[in-house]
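Chemist: Give me a 3D structure for the following:
(one chain, ligands or ions: 2)
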Amino acid sequence: MASNLKNLSQYSEKNITEAVKDYVFGIVVAEWNSEVTEALYNGAVETLRKYGVPDNQIIRKNVPGSFELSLGAQWLAEQNGIHAVICLGCVIQGETRHFDFICSAVAHGVTNVSLKYNKPVIFGVLTPDNQQQALDRAGGKHGNKGDEAAATAVKMLCF
Ligand SMILES: Nc1c(NC[C@H](O)[C@H](O)[C@H](O)CO)[nH]c(=O)[nH]c1=O
Ligand SMILES: CC(=O)[C@@H](O)COP(=O)(O)O
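Modeler: Ligands and ions are numbered 1, 2, ... in the order given. Okay, here's the model as predicted:
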């Protein structure tokens with residue numbers, strides 16, 4: 001379902017239990033397009049807080065760009081005290097195919113980290129054609145991808 005047909009901040013809370021407040025969440029944030037990625041981060045943190053996760057159980061790691069999210073996620077996922085990792089980035093289409101290479105690399109990289117460490121590693125990366133599409137999905141008319149990513153991490157830990 002396309003994001004414009006489903007608000008990213010509206011999701012089922014089925015299966016989410018009280019136990020989630022005992023977990024520790026890593027959040028890796030790409031610095032590229034920081035206006036967008038900071039909004040994603042704020043959405044993710046507010047969602048975790050909503051379920052009672054204390055701020056000292058949310059560990060942030062910044063990386064330069066979305067391409068580096070996979071390694072940043074690995075640095076967090078390899079820590080026994082971290083139970084899930086949320087990766088937040090925004091890759092905006094430019095004039096060349098660089099966009100395609102970054103998006104593919106980070107999607108595969110994040111997946112590989114999740115499978116390697118047997119932990120939820122959530123792909124919270126926007127891949128819009130332009131800045132407006134990104135803003136629409138970082139607290140705009142289509143909700144906040146950061147909310148969705150944090151809720152996904154919570155749900156995976158509660159299954
Ligand atoms: N153009 C965008 C980038 N580019 C930078 C790469 O992510 C990476 O840091 C660089 O290729 C060095 O390895 N990153 C984004 O997150 N968003 C973009 O729109
Ligand atoms: C997705 C990107 O790396 C992008 O900023 C590159 O832009 P361009 O393809 O115009 O060089």
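Chemist: which helix in the protein runs the most residues?
Modeler: Longest helix in the chain, counting residues (DSSP state H): helix 98-117.
Chemist: starting at the chain centroid, how far to it?
Modeler: Relative to its chain's centre, helix 98-117 lies at 13 Å (CA atoms, centre = their mean, to the nearest Å).
Chemist: ditto for stretch 74-94
Modeler: The answer for stretch 74-94 is 7 Å, by CA atoms, centre = their mean.
Chemist: Is ligand 1 within reach of stretch 39-50?
Modeler: No: if you take CB under 6 Å from any ligand atom as the test, stretch 39-50 misses ligand 1, and the best it gets is 11.4 Å. (Each C-beta comes from the backbone N, C-alpha and C, glycine too.)
Chemist: OK, contacts around residue 55?
Modeler: By CB atoms under 8 Å, 6 or more residues apart in numbering, the contact list for residue 55 reads 45, 49.
Chemist: quick one on the thing from earlier: could you pull out the buried residues of the longest helix of the chain?
Modeler: Buried residues in helix 98-117, counting neighbours by 16 or more other CB atoms under 10 Å, are found at 99, 102, 103, 106, 107, 109, 110, 113, 114, 117.
Chemist: closest to ligand 1 among these?
Modeler: Distance to ligand 1, by CB to the nearest ligand atom, is smallest for residue 102 among the buried residues of helix 98-117, at 5.1 Å.
Chemist: Just confirm that closest one contacts residue 65, I think it does.
Modeler: Yes: in terms of CB atoms under 8 Å, residue 102 counts as a neighbour of residue 65; the distance is 7.3 Å.
Chemist: if you average pLDDT over the longest helix of the chain, what comes out?
Modeler: Mean per-residue pLDDT for helix 98-117: 98.
Chemist: Next to ligand 1, which bits of this structure? Give me the list.
Modeler: Residues of the chain that fall close to ligand 1, judged by CB under 6 Å from any ligand atom: 30, 32-33, 64-68, 89-92, 102.
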